[in-house]
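# pasted the sequence and its predicted model underneath.
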Amino acid sequence: MESQRNISEFILVGLSYDKNIQIFCFVFFLFCYISLLSGNLLILVSVTCSPLSDQPMYYFLAHLSTIDICYTSTVTPKLIADQLVEKKTISYGSCMFQVLTMHFFGCAEIFILTAMAYDRYVAICKPLHYMVIMSRTRCNLLVLAACIGGAIHAIPLFMTAMTLPFCGPNVVDHYFCDVFPLLKNACTDTYITGVLVIAFSGMVALVTFVVLCFSYGIILYTLRNQSAEGRRKALSTCWSHITVVILFFAPVIFIYLRPPTTFPEDKIFALFYTIIAPMFNPLIYTLRNAEMKNTMRKLWCQTLFSKETHN
């Protein structure tokens, strides 16, 4: 542990050294973060304050919005602030905390997306038993399992990062602290550690992605026997879920399911699962969902009308 104390902070390389690009990134990511917070909070409040919260699909959607906010907030505020400073530093403790929270919320999101896919499978393939199978107790257990799964995934990676000996240099070629970039700074052989990261991150993402693709394949196959209206409504919801899954899983699999190394392109791919996908989730789930749009319109119009009447 003594070797770890030789480094009290890390220097993050960030996305670019160019001042003009940094100013552009500041404006762009600030817009993305505000949009992400606004969209996910809008979904969270709309679902919580309406009868939609009684439906499993929207119950999971509210939890997905909560996780998206927590997940992105572990990285994006720091990324935005770093665009305004020349030396982008992060303390050792904050760096390790980023590793823990990023993998906890990231893995929890993966399992919530899996729960949403299971909900759609039951709704379309077993509609007569839907309310019995997707009871509120089972929904609560699925959310709890997602949190426990996130902890089981994140804590070993966090402990691995904590036990790495850092004796210099302290420059991390990324815009946040992640295990692979930190391995390059460790003054020890990290081959076994890299294999463990692939097992805990890459394989989890790949297996979950295959399961999701298989489940949506079954759903799409089952839709052949439904009416045109039922098929249209189900397809609208399923394509929204599939879009979110691809946006999130494709870059994650690219980065974590390979030998422990880093490429300059990794930072661009990481933007997709840390910022871009969580920002687009509210748009994807609302613009293609008539029920959600109608509920939001009624709820917020009613709220505004009540305020005007009160005034």
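Received, thanks.

# so residue 15 makes contact with residue 26?
No. The pair residue 15 / residue 26 is not scored as a contact, 10.6 Å apart, by CB atoms under 8 Å. To be clear about C-beta, it is placed using only N, CA and C from the backbone, and glycine gets the same treatment.

# so these two - more neighbours on which side?
Taking neighbours as other CB atoms under 10 Å, residue 15 and residue 26 compare with residue 15 leading, 21 against 16.

# quick one: secondary structure of the more buried one?
Secondary structure, DSSP: H, G, I helix; E, B strand; the rest coil: residue 15 is coil.

# that one: what's it in contact with?
With contact set as CB atoms under 8 Å, 6 or more residues apart in numbering, residue 15 has these partners: 21-22, 25, 175, 267.

# give me the contact list for stretch 128-148.
For stretch 128-148, the surrounding residues in contact (CB under 8 Å, 6+ apart) are 56, 59-60, 63, 108, 111-112, 114-115, 118-119, 122-123, 126.

# how does it look with 10 Å?
54-57, 59-60, 62-64, 66-67, 104-105, 107-116, 118-119, 121-124, 126 (CB atoms under 10 Å, 6 or more residues apart in numbering).

# overlap of the contact sets of residue 15 and residue 26?
By the contact definition CB under 10 Å, 6+ apart, residue 15 and residue 26 are jointly contacted by 79, 82-83.

# return the member of the residues you listed nearest to residue 298.
Closest approach between those and residue 298, by CB to CB: residue 79, at 36.6 Å.

# any low-confidence regions in this protein?
1-6, 229-230, 233-234, 260-262, 287-293, 295-296, 299-311 (pLDDT under 70).

# strands of that one, start to end?
9-12, 89-91, 171-172 (DSSP state E).

# what sits against residue 212?
110, 113-114, 116-118, 241-242, 245-246, 249.

# ok, the spatially closest residue to residue 248 that is not a sequence neighbour to residue 191 distance?
Leaving aside its chain neighbours, residue 248 sits nearest to residue 277 (4.6 Å; criterion: CB to CB, 6 or more residues apart in numbering). Residue 277 sits 31 Å away from residue 191 when distances are taken as CB to CB, to the nearest Å.

# more neighbours, these two?
Higher neighbour count among residue 277 and residue 191: residue 277, with 26 against 10, using other CB under 10 Å.

# so that one sits right up against residue 249, yeah?
Yes. Here residue 277 reaches residue 249: they are 9.2 Å apart, a contact under CB atoms under 10 Å.

# grab the nearest non-local neighbour of residue 119.
Closest residue to residue 119 apart from its sequence neighbours, by CB to CB, 6+ apart: residue 56 at 5.0 Å.

# what residues are up against the one you found?
Applying CB under 10 Å, 6+ apart, we find residue 56 in contact with 115-116, 118-120, 122-123, 130-131, 133-136, 138-139, 142.

# cheers, nothing more for now.
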